[in-house]
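# Here's a sequence, model it:
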Amino acid sequence: MIHNVKYYHLALNLSSRSQNTTLANREGRLAQLKETRAQLERQAREKAALQEAKIEAPRQEEEVIGEKKRGRKLKKPDKNPDPKKAKANLTNLDSQIMKTRNGHLQGYNAQTMWNCTM
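Numbers count the residues shown, from 1 in each chain. All right, here's what the predicted structure looks like:
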């Protein structure tokens, strides 16, 4: 039983080493940085497009109904977001900084689905 645990930890160490081999040399790090930057820019564009859609939907409703909707107007997305606020984990791009009730942590958004058709 101890041998299985030992080999399990060895396998984890080897897999994490092979995963981080791209960060071992300069070219790999630069490629990873470019990929991460492109991903952050893509996420910012998607977020801005979503905000634009949220702004456009009530405006179209107002045109159909013919009256103005009550409530505050949504803010337009920032055209030049601060690059210092955008953060990413270079070793694992799927991991993100997530807000919790106790602060923030680096983690994953795990979702499960259940189908009870038996």
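# how about residue 91, secondary structure?
Per DSSP: H, G, I helix; E, B strand; the rest coil, the secondary structure class of residue 91 is coil.
# okay, now residue 23: neighbour count?
Other residues near residue 23 number 14, with proximity taken as other Cβ atoms under 10 Å. Quick note: C-beta positions are derived from backbone N, CA and C, even for glycine.
# Now do the lengthiest helix in the chain: distance to the chain's middle.
Once the chain is assigned using DSSP state H, the helix that runs over the most residues is helix 26-65. With Cα atoms, centre = their mean, to the nearest Å as the basis, the distance from the averaged C-alpha position of helix 26-65 to the chain average is 11 Å.
# and the residue nearest the centre of the chain, backbone torsions?
The C-alpha lying nearest the average C-alpha coordinate of the chain belongs to residue 96 (Cα atoms, centre = their mean; 5.5 Å). Backbone geometry at residue 96, expressed as degrees, to the nearest 10, gives phi -130, psi 160.
# How confident was the prediction at it?
Reported pLDDT at residue 96 in the predicted model: 80.
# Check residue 85 too.
Residue 85 is assigned 76 on the pLDDT scale.
# circling back to that earlier point, what is the rounded mean pLDDT of the longest helix of the chain?
87.
# List the buried residues for that helix?
Applying a neighbour-count criterion of 16 or more other Cβ atoms under 10 Å, the buried positions in helix 26-65 are 32, 36, 40, 44.
# Pipe these into TSV and attach distance to residue 78 per row.
Putting these into TSV (distance: Cβ to Cβ, whole Å) gives the following:
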residue	distance to residue 78
32	26
36	20
40	14
44	9
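# Just name the closest of those to residue 91, please.
residue 32 (8.6 Å; Cβ to Cβ).
# Distance of the residue nearest to the centre of the chain relative to residue 42?
Distance, residue 96 to residue 42, using Cβ to Cβ, to the nearest Å: 14 Å.
# That concludes my questions; thank you for your assistance.
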